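*Asks:* Mind folding the following:
(2 chains)
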Number of protein chains: 2
Amino acid sequence: MRGAKVRGAIEKAVVLLSGGMDSATLVHYVKKSLGVPVVYTVSFAYGQKHARELAMARWQAESAGVTEHIEADLSCFARLTAGKSALTDAAIRVPDLAEIGAADRRQPVTYVPNRNMVLLALAAACAEARGVPDVFFGAQKQDEYGYWDCTTEFVERLNAALGLNRGRRVRVHAPFAALRKADVLRLGLSLGVDYGHTWSCYRGGRDPCGACPSCVERETAFREVKGTP
Amino acid sequence: MRGAKVRGAIEKAVVLLSGGMDSATLVHYVKKSLGVPVVYTVSFAYGQKHARELAMARWQAESAGVTEHIEADLSCFARLTAGKSALTDAAIRVPDLAEIGAADRRQPVTYVPNRNMVLLALAAACAEARGVPDVFFGAQKQDEYGYWDCTTEFVERLNAALGLNRGRRVRVHAPFAALRKADVLRLGLSLGVDYGHTWSCYRGGRDPCGACPSCVERETAFREVKGTP
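*Replies:* Next up is the predicted model:
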């Protein structure tokens, strides 16, 4: 199982690293499969309930041997978008996957307003300032169901805008966009990724809840690949 | 002199307000000319040397009678883009306009890496969360010479990406994109904008330097419209 569109030699990359399964796999993929020598990872504290993913991001960045890991305080984001996502607002309960009705599947309450454009724009700024032409984003196929900002089309349109830059142009790549989560997991296991140091649960309690959409998707992927969650 | 594309009744708007001439004019234009009842203004402290523009933004927001002015701490931005813009890095001198050579005019050292995409993405997130479909951006025609992220094409491509949203879709408007700075000034004067409470100088000293690109453009516009800077 391979990520899509492996290109010629890439010298430097910025990887948007949340600390979840997909982006953790991505940083190892960029380092090992693509063999990129200089990799910067960027994580954002944007007010997510599951901020413990940030410690996982640090761990994975170190495990992958990146050049520099940058953790940025984006706490203004939660204030700007106050009250609109179960992932950032204490007053909105994260639903179990089973509770999300068919009508809400295309943009559930776990969607965070325009988050991925914000984070990718910041990652692109970071890349541009460092003379890095390639930014990597861990969107995978299963996220498309509920998140317009995880789609291939979104990445293409963002790149159309970034392509207007007259100086150091930056391009966003989503090599897992055609892969299901189980495929990403299979790839990561083949690269030696330690998924004990990734965090998926949206609720961000001490232990994963096992019922939120992100927990269920994680467990389903593990069951498919290893026969056990 | 009118801004372009005045549409039918807009109920709510978010205005990206720096505290400079163009965006100060814009907030009054949106309130008075477009008659939008509910206006949110958003300003960002992103590490700019000329942070005194933020106080001007607050003043203009109050003067225009906006519903809420939000000033967000985006200090992570300067760290992410460290060392790459004369506007955010103490070690890089802001050049006089006369010192910027022809070759650098298309992307001078006063360009801040991907700043406008970052700020507009955040403004769009803020708008989406508040159920506001329209974001206003004060880019005007003269900025196009050096800033790809002030062009009409940039705004169009950003809107193409934002248009994929499956829920509360947000659109960015740049009604001054076809106007020169003197035209914006003329419009603002007709709306009663007090330009004594705007800040242009990139250097951000106690008084405007009078020589940086932003000071020169401001003075040129005043000379054209009023016969005196």
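
*Asks:* Any part of the biggest strand by length in chain A near chain B?
*Replies:* Criterion DSSP state E: the longest strand present in chain A is strand A:38-45. Yes. Against chain B, strand A:38-45 shows contacts by Cβ under 8 Å from any Cβ of the partner chain at A:Val42, A:Phe44. (C-beta placed from N, C-alpha, C; glycine too.)

*Asks:* For that strand, buried residues please.
*Replies:* For strand A:38-45, burial by neighbour count (16 or more other Cβ atoms under 10 Å in any protein chain shown) applies to A:Val39, A:Tyr40, A:Thr41, A:Val42, A:Ser43, A:Phe44, A:Ala45.

*Asks:* Which single one of these is nearest to A:Arg168?
*Replies:* A:Tyr40 (14.4 Å; Cβ to Cβ).

*Asks:* so what's that closest one bridging to?
*Replies:* Counting by DSSP bridges, A:Tyr40 forms beta bridges with A:Val14, A:Glu68.

*Asks:* so it sits right up against A:Leu17, yeah?
*Replies:* No. Under the criterion of Cβ atoms under 8 Å, A:Tyr40 is not in contact with A:Leu17, lying 9.6 Å apart.

*Asks:* Need the residues touching each of the two.
*Replies:* Both A:Tyr40 and A:Leu17 are contacted by A:His69, under the criterion Cβ atoms under 8 Å, 6 or more residues apart in numbering or on different chains.

*Asks:* what residues are up against A:Ala125?
*Replies:* B:Phe77, B:Leu80, B:Thr81, B:Pro113, B:Asn114, B:Arg115, B:Met117, B:Val118.

*Asks:* Restricting to these, which residues neighbour chain A?
*Replies:* Counting by Cβ under 8 Å from any Cβ, the members of these near chain A are B:Phe77, B:Leu80, B:Thr81, B:Pro113, B:Asn114, B:Arg115, B:Met117, B:Val118.

*Asks:* Tell me how far the fourth one lies from A:Gly167.
*Replies:* In this structure, B:Pro113 and A:Gly167 are separated by 9 Å, where distance is defined by Cβ to Cβ, to the nearest Å.

*Asks:* got it, and the second one?
*Replies:* Distance from B:Leu80 to A:Gly167, counting by Cβ to Cβ: 17 Å.

*Asks:* higher neighbour count, those two?
*Replies:* With neighbours defined as other Cβ atoms under 10 Å in any protein chain shown, B:Leu80 and A:Gly167 compare such that B:Leu80 has more, 28 against 15.

*Asks:* I figured the more buried one hits A:Glu71, correct?
*Replies:* No. With contacts counted by Cβ under 8 Å, B:Leu80 stays clear of A:Glu71, the gap being 10.7 Å.

*Asks:* Common neighbours of these two, please.
*Replies:* By Cβ under 8 Å, 6+ apart, the residues touching both B:Leu80 and A:Glu71 are A:Val42.

*Asks:* quick one: common contacting residues for B:Pro113 and A:Gly167?
*Replies:* In contact with both B:Pro113 and A:Gly167: A:Glu128, using Cβ under 8 Å, 6+ apart.

*Asks:* Low-confidence bits of chain A, can you list those?
*Replies:* Counting by pLDDT under 70, the ranges of chain A that qualify are A:1-8, A:144, A:229.

*Asks:* Let's see that with 50 instead.
*Replies:* Where chain A drops to pLDDT under 50, the residues are A:1-4, A:6.

*Asks:* Strands of that one, start to end?
*Replies:* Here chain A has its strands, by DSSP E, at A:12-16, A:38-45, A:68-73, A:134-136, A:171-173.

*Asks:* To A:Tyr29, which of these lies closest?
*Replies:* strand A:134-136 (8.2 Å).

*Asks:* Looking at the contacts of A:Ala125, which are in helices?
*Replies:* Of the positions in those, B:Phe77, B:Leu80, B:Arg115, B:Met117, B:Val118 sit in helices, assigned by DSSP state H.

*Asks:* For the fourth one, which non-adjacent residue is closest in space?
*Replies:* Looking back up the chat, that one is B:Met117. With sequence-adjacent residues excluded and distances taken as Cβ to Cβ, 6 or more residues apart in numbering or on different chains, B:Met117 is closest to A:Ala121, at 4.3 Å.

*Asks:* wait, what's in contact with the one you found?
*Replies:* B:Asn114, B:Met117, B:Val118, B:Ala121.

*Asks:* number of nearby residues for A:Arg218?
*Replies:* 23.

*Asks:* Hmm, A:Met21 and it touching each other?
*Replies:* Yes. The criterion here is Cβ under 8 Å, and A:Arg218 meets it with A:Met21 at 6.3 Å.

*Asks:* Which residues are in contact with each of these two?
*Replies:* Shared contacts of A:Arg218 and A:Met21, counting by Cβ under 8 Å, 6+ apart, come down to A:Lys181, A:Ser200.

*Asks:* Not counting stretch A:202-212 itself, show me its contacts.
*Replies:* A:48-53, A:86-87, A:94-98, A:110, A:199-201, A:213-216, A:218-219.

*Asks:* In PyMOL, how would I select the buried members of those?
*Replies:* Buried residues among the contacts of stretch A:202-212 (16+ other Cβ under 10 Å), as a PyMOL selection:
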select buried, chain A and resi 48+49+50+53+86+87+94+95+110+199+200+201+213+214+215+216+218+219
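
*Asks:* and the contacts of stretch A:202-212 near chain B, which?
*Replies:* Applying Cβ under 8 Å from any Cβ to these, none is adjacent to chain B.

*Asks:* Please consider this matter closed, and thank you.
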